[in-house]
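A.B. asks: How does the following fold in three dimensions:
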Amino acid sequence: MPEQAADAFWKHLRPLENSFKPDALPEVHIPGAATDDDRYYAPFTGTVGSRPLWINVKDNSWSDMLRAEEAGLVNRHYHPHEVFAYTLSGTWGYLERPWTARAGDFVYEAPGEGHTLVAYESDEPMKTLFLVKGPLIWLDEHGEYLLGFPTAMRQLLVDIPFDRHLADPRLGPEHVAHALGISTRRLGRDFRRAGSSPSRYILERRLERARQDLAGPASARLTVADIAHRWGFAGQPHFTRVFRDRFGRTPGEIRPAVMGPGRADSAVVRQSSRDTL
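C.D. replies: Residues are numbered from 1 along each chain as shown. Have a look, this model is predicted:
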């Protein structure tokens with residue numbers, strides 16, 4: 001319960017007793033998120049700092065408070081997914097856009113924008129709350145991707161609806177290379193430069209989508225074997241093994257937390273033998 005109301009019309013309203021549903025996750029409340037305490041800000045550049053507020057590793061989204069106490073610059077970059085921003089104080093904008101954001105302004109950035117963020121001299125520090133989906137990709141002065149972000153990785157993130165093919169157990173580096181119009185050798189080289197491999201990337205995407213299904217009430221009627229098959233795993237023993245290696249828990253241990261005590265007990269009985277190697 002928040003603080004008691006004195007004269008508000010709702011002061012006798014009772015809170016919900018079952019406000020946390022089976023798929024609920026803990027909320028985040030950060031008092032003073034827009035603090036001026038320098039200890040909370042990681043430097044982006046010499047005059048611009050970022051205070052991380054929330055990071056969602058499940059779908060690669062994050063929120064931060066961006067602050068500049070004087071004229072500042074965040075070098076050229078690109079967002080393959082949506083960005084939302086709300087300005088609390090100060091003045092900022094993008095060199096490539098016609099508008100200037102001031103206190104109270106909201107900004108929505110459509111996927112695919114490249115830009116150069118600048119903060120202006122102002123009577124107050126520039127503070128803007130950002131909600132970002134997906135990665136931030138640095139660009140050079142010509143708007144091209146900096147060395148280190150391979151073309152194949154960019155295309156998988158942006159240009160190709162990759163996840164729709166994850167259910168096909170035949171999906172492999174050859175199919176990805178063909179879809180991108182490059183050789184498998186080039187594909188492997190690009191992924192190595194990013195510290196990964198095509199096969200590892202495919203496996204990680206499959207595991208993440210399977211974990212989302214296991215943790216989501218919309219898939220509660222599906223068995224672990226159903227979900228494994230849905231995301232291209234040839235058999236449940238292999239799926240259970242790689243899932244446990246990746247997340248530290250078996251699929252059967254993820255599922256009870258979502259299904260609730262009554263249904264979870266019977267689900268564990270049905271699936272425990274299949275989850276055991």
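A.B. asks: mind listing the helices for this structure?
C.D. replies: All helices of the chain, identified by DSSP state H, fall at 151-158, 173-180, 184-193, 198-214, 224-230, 236-247, 251-259, 261-275.
A.B. asks: So which bits of the third one are buried?
C.D. replies: Going by neighbour count (16 or more other CB atoms under 10 Å), the buried part of helix 184-193 is Leu187, Gly188, Asp190, Phe191. Glycine gets a C-beta too; all of them are placed from N, C-alpha and C.
A.B. asks: still on that earlier bit, would you single out the least confident of the helices of the chain?
C.D. replies: If you rank these by mean pLDDT, helix 261-275 sits at the bottom with a mean of 40.
A.B. asks: got the contact list for the most centrally placed residue in the chain?
C.D. replies: For the chain, the residue sitting closest to the mean C-alpha position, by CA atoms, centre = their mean, is Asn60 at 1.5 Å. Asn60 makes contact with Lys133, Gly134, Pro135 under the criterion CB atoms under 8 Å, 6 or more residues apart in numbering.
A.B. asks: let's go with 10 Å and repeat that
C.D. replies: Listed by CB atoms under 10 Å, 6 or more residues apart in numbering, the contact set of Asn60 reads His81, Val132, Lys133, Gly134, Pro135, Leu157, Glu208.
A.B. asks: follow-up on the earlier one: could I get the buried residues of helix 184-193 as a markdown table with distance to His77?
C.D. replies: Below are the buried residues of helix 184-193 laid out as a markdown table (distance: CB to CB, whole Å):
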| residue | distance to His77 |
| --- | --- |
| Leu187 | 25 |
| Gly188 | 27 |
| Asp190 | 20 |
| Phe191 | 22 |
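A.B. asks: Just give me the neighbour total for Asp168.
C.D. replies: 11 (other CB atoms under 10 Å).
A.B. asks: Give me the nearest residue to it, chain neighbours excluded.
C.D. replies: Gly232 (6.0 Å; CB to CB, 6 or more residues apart in numbering).
A.B. asks: if I read this right, the one you found contacts Ala210, doesn't it?
C.D. replies: Yes: with contacts defined as CB atoms under 10 Å, Gly232 counts as touching Ala210 at a distance of 9.2 Å.
A.B. asks: If you count surrounding residues, which of these two has more?
C.D. replies: Neighbours of Gly232 and Ala210, each counted by other CB under 10 Å, are more numerous for Ala210; the result is 26 against 20.
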